[in-house]
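Visitor: coords please:
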Amino acid sequence: MDFIKEAAYLFDRNQHSNQKLNQALTIAREAMDQAHEDLQWGD
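Guide: Residues are numbered from 1 along each chain as shown. Below you'll find the model as predicted:
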């Protein structure tokens, strides 16, 4: 996801947009982590 973040920063250096991007990436990471934990728990 760092590549996506870097590309977005280069594409749009607007601070507000980058804040929203960071929030979206945080939510996505948390969702993926939770799904990963759920899959491990199911094993």
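
Visitor: burial count for Leu25?
Guide: 15 (other CB atoms under 10 Å). Any C-beta I mention is one placed from the backbone N, CA and C, and that applies to glycine too.

Visitor: cool, the one 5 residues further on as well?
Guide: Using other CB under 10 Å, Glu30 is surrounded by 10 other residues.

Visitor: and the helix or strand containing Trp41, what other elements does it pack with?
Guide: Using DSSP states H and E, Trp41 sits in helix 15-42. For helix 15-42, the contact count by 3 or more CB pairs under 8 Å, 6 or more residues apart in numbering; DSSP states H and E identifies helix 2-11 as packing neighbours.

Visitor: Show me which helix or strand of this protein is least confident by mean pLDDT.
Guide: In the chain, the helix or strand scored least confidently by mean pLDDT, DSSP states H and E is helix 2-11, which has a mean of 63.

Visitor: Might you list the low-confidence residue ranges for the chain?
Guide: Low-confidence segments of the chain (pLDDT under 70): 1-15, 42-43.

Visitor: List the buried residues in the helix holding Trp41.
Guide: Buried residues in helix 15-42, counted by 16 or more other CB atoms under 10 Å: Leu21.

Visitor: I'd like the numbering to begin with 524 instead of 1 from here.
Guide: With 524 as the first residue, the last one maps to helix 538-565.

Visitor: Gln542 versus Leu548, what's the distance?
Guide: Leu548 sits at a distance of 11 Å from Gln542 (criterion: CB to CB, to the nearest Å).

Visitor: swap in Asp561?
Guide: Taken as CB to CB, the span from Asp561 to Gln542 is 29 Å.
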